[in-house]
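Novice: Structure, please.
(one chain, ligands or ions: 1)
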Amino acid sequence: MKSRAEDHAVVVGAGPAGLFAARVLADVFGRVTVVERDDPADGDRRGVPQSGHAHDFLARGHQITEEWFPGIGEEMVAGGAHAGDIARDVRWVIAGRPLVRSESGLATVISSRVFREGHLRARVEALPRVRLLGGQDVAGLSFSDDGSVVDGVLLGPGGAGKLPADLVVDASGRGSRTPVWLEEHGHGRVTEEKLKVDVGYATQVVRAPGDAFAGDVCINIVASPDSPRGGACQRVEGDRAVVTLYGVLGDHPPTDPEGFLSFAKSLAAPDIHEVLEVAEPLTEVRRYRFPASLRRRYEQMDSFPRGLLMLGDAVCSLNPRYGQGMAFAAMQALALRDHLAEEEAPTAEAYFRRLTEQVVDPVWNMTLLSDLSFPGVPGERTPELLQVLELVGRTQVAATLDGSLALTCLRVFGLLDPPTALLDPAVQERVHRTLSRQPASTGPEQ
Ligand SMILES: Cc1cc2nc3c(=O)[nH]c(=O)nc-3n(C[C@H](O)[C@H](O)[C@H](O)COP(=O)(O)OP(=O)(O)OC[C@H]3O[C@@H](n4cnc5c(N)ncnc54)[C@H](O)[C@@H]3O)c2cc1C
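Specialist: A predicted model of the protein is given here:
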């Protein structure tokens, strides 16, 4: 691999994707500058309006960040976050029934998103080759005269100042303006795929007595086609908890206190409502509307400049109710790392192919499958797909009766195993045996 010790990489955006990208780039580039529009130290930043809502960090993300930033989980716990085992200490309700508890050996650390991002940012800023430039808007990309190379970013009002770079990585989130800039410089418009899900979120931060959780760190009531409302209630720093409720396809939770409470009561299990009943509200209820999952097909572009790569929500923004975005960004940064390590002269084409095949396709297809299990979500349902949905649905029900199947499901939800793990013949045999032990008339026991 060509040495890049003299080279400068610029990352646009200091969200999770930008921070993970900086961590990877710092192993290769002599200098890395992360440019962030907001003041990163502001808790609730304008650039990430979703950050006040409950943010899960899936097991795969936890594994990757512990590898990159050893001890970060312990550090967060020392600062007030809550650690647990994803199968023992998280209360999961799926298909209206609690998953069987067990010991998975897979750690989770629950905190607010702002707190987690603050810890990640501190670790990245401590890297000797990385500098974070806050309060600077990237107003454009600097292109060579023929548009074939990106050689920096344009900063300041009207993009008057240029920050030169040997590589620019756009991690500016779903609102990334790169599609427009590429088109303006003759590369055509990237194709966008959207899947309408119309998810509405409502969130309140409360003060909850520790015993309200009965020793658990988090309660996840997962929406299912039979009960399409869900919620997450997470113990975060101090004695606070973040309570997020959501509904799909326009069935959005209200933000007035009574409406919020009665939406919580309408979930498939009473657990979150019970916490709210003993909690003291600390904030108003805040809402967020997520109309559609969005995927930008950079890998299909006929023309793309050298010197530019992208990752995170800027490439693919997923239905948030699966809690995947940050772990997904970490997995994309792994693809960036592998790409930089293997290619003699890395091309954007090779990068996007790798990103698509190794990370985006598998995760996008997994969420697509789950979304299509909701009858109102538009999309083609072939007989094969309906069969897979049936098997996955049965597996989830069986996971409420069998600890081993619960673990299989949690590993898939945590992005540790591909969704095909649910269809494995041995797993399906166990599902069959588990469900056939149940009396047909009463369904699974709770
Ligand atoms: C309601 C909701 C709930 C969610 N829940 C979860 C969850 O439970 N778990 C999970 O993992 N994910 C969740 N997500 C998804 C998660 O928030 C995103 O996937 C994640 O933030 C993506 O990270 P990112 O770094 O790509 O983008 P962002 O977090 O959006 O960061 C982009 C950064 O770029 C900066 N920026 C933008 N433009 C410029 C510019 N021109 N110049 C300089 N800086 C710029 C922004 O200020 C921002 O800091 C949720 C999303 C929503 C909407």
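Novice: quick check, distance from stretch 323-339 to the centre of its chain.
Specialist: Centre-to-centre, stretch 323-339 and its host chain are 10 Å apart (Cα atoms, centre = their mean, to the nearest Å).
Novice: Now it: buried residues?
Specialist: 323-337, 339 (16 or more other Cβ atoms under 10 Å). Any C-beta I mention is one placed from the backbone N, CA and C, and that applies to glycine too.
Novice: And for stretch 205-219?
Specialist: By 16+ other Cβ under 10 Å, the buried positions in stretch 205-219 come out as 205, 206, 208, 212, 213, 216, 217, 218, 219.
Novice: what does stretch 382-389 give?
Specialist: For stretch 382-389, burial by neighbour count (16+ other Cβ under 10 Å) applies to 388, 389.
Novice: Only C-alpha atoms, please: export it in PDB.
Specialist: C-alpha atoms of stretch 382-389 as PDB (Å, rounded to 0.1, in the frame of the first residue of the first chain):
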ATOM      1  CA  THR A 382     -43.400 -12.500  -3.700                       C
ATOM      2  CA  PRO A 383     -44.600 -15.900  -2.500                       C
ATOM      3  CA  GLU A 384     -40.900 -16.600  -1.400                       C
ATOM      4  CA  LEU A 385     -40.800 -13.500   0.600                       C
ATOM      5  CA  LEU A 386     -44.100 -14.300   2.300                       C
ATOM      6  CA  GLN A 387     -42.700 -17.700   3.200                       C
ATOM      7  CA  VAL A 388     -39.600 -16.100   4.700                       C
ATOM      8  CA  LEU A 389     -41.800 -13.700   6.700                       C
END
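Novice: Spell out which parts of the stretch 301-446 of the chain neighbour the ligand.
Specialist: Within the stretch 301-446 of the chain, the positions lying close to the ligand (Cβ under 6 Å from any ligand atom) are 312, 313, 314, 320, 323, 324, 325, 326, 327, 329.
Novice: same deal with the stretch 1-150 of the chain?
Specialist: Residues of the stretch 1-150 of the chain lying near the ligand by Cβ under 6 Å from any ligand atom: 12-18, 35-38, 45, 47-48, 50, 53-57, 137-138.
Novice: For the residue of the stretch 201-350 of the chain found nearest the ligand, list the residues it contacts.
Specialist: Of all residues in the stretch 201-350 of the chain, residue 325 sits closest to the ligand, at 1.9 Å by Cβ to the nearest ligand atom. For residue 325, the contact set (Cβ atoms under 8 Å, 6 or more residues apart in numbering) comprises 16, 312, 313, 317, 318.
Novice: returning to what we had before: tell me which of the residues of the stretch 1-150 of the chain next to the ligand fall in strands.
Specialist: Per DSSP state E, strands hold the following members of these: 12, 35, 138.
Novice: Which of those residues ranks first by neighbour count?
Specialist: Counting neighbours by other Cβ atoms under 10 Å, the top entry in these is residue 12, with 30 neighbours.
Novice: wait, it sits on residue 172?
Specialist: Yes: counting by Cβ atoms under 8 Å, residue 12 does reach residue 172; the two are 4.7 Å apart.
Novice: related to what we said a few turns ago, now do the phi/psi pair for the residue of the stretch 201-350 of the chain closest to the ligand.
Specialist: phi -50, psi -50 (degrees, to the nearest 10).
Novice: can you give me the helices in the protein?
Specialist: Along the chain, the segments classed as helices by DSSP state H run 16-25, 59-68, 72-78, 113-125, 178-184, 257-265, 271-278, 325-342, 348-354, 361-372, 383-399, 403-413, 425-436.
Novice: longest strand anywhere in this protein?
Specialist: strand 192-207.
Novice: quick one: average pLDDT of that strand?
Specialist: Confidence for strand 192-207, expressed as mean pLDDT, is 96.
Novice: Contact partners for residue 85?
Specialist: For residue 85, the contacting residues are 103, 104, 105, 106, 107, 108, by Cβ under 8 Å, 6+ apart.
Novice: now do residue 202
Specialist: Counting by Cβ under 8 Å, 6+ apart, residue 202 makes contact with 244-246, 252-255, 260, 263, 285-288.
Novice: Alright, that wraps it up for me.
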